[in-house]
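Visitor: no FASTA, just this:
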């Protein structure tokens, strides 16, 4: 009888949705961590570039030409960072959406649990039996 109860079905569906969202959040978290490490690496390289720019400003024309070529090469290396940063921003927005949905589902689950009582589904079914 409990297995046909609409609230029980709703609770199971919500639990499945929370599990799926948790898995998606974990995947996004791993991807975000990977991207963050890449961004940090690129940030360090950019700081190195800033240092090189200062050296270029202080040096003479020959040195300026050599450094300019090196900096241009480094900038070409950094160009792939732009789409990664865009993807990172999109992932961060998606993670925020998932967090909001999880919070909403948690409150719905809490309300359902209050309505059902302190017993979980298996306990209710055994008590009915």
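Guide: Received, thanks. Keep in mind that this is a model prediction, so the values were computed, not measured.
Visitor: in the helix or strand hosting residue 104, what counts as buried?
Guide: If you go by DSSP states H and E, residue 104 is part of helix 81-116. For helix 81-116, burial by neighbour count (16 or more other CB atoms under 10 Å) applies to 81, 88, 91, 95, 98, 116. Any C-beta I mention is one placed from the backbone N, CA and C, and that applies to glycine too.
Visitor: residue ranges with poor pLDDT in this structure?
Guide: Residue ranges of the chain with pLDDT under 70: 1-3, 117-121, 124-125, 127-129.
Visitor: tell me the angle of the helix or strand that contains residue 14 relative to helix 81-116?
Guide: With secondary structure defined by DSSP H and E, residue 14 is part of helix 6-58. Helix 6-58 runs at 160 degrees relative to helix 81-116, counting by axes from the mean of the first three to the mean of the last three CA atoms, to 10 degrees.
Visitor: what helices or strands is helix 6-58 leaning on?
Guide: Where contact means 3 or more CB pairs under 8 Å, 6 or more residues apart in numbering; DSSP states H and E, helix 6-58 is packed against helix 61-78, helix 81-116, helix 121-128.
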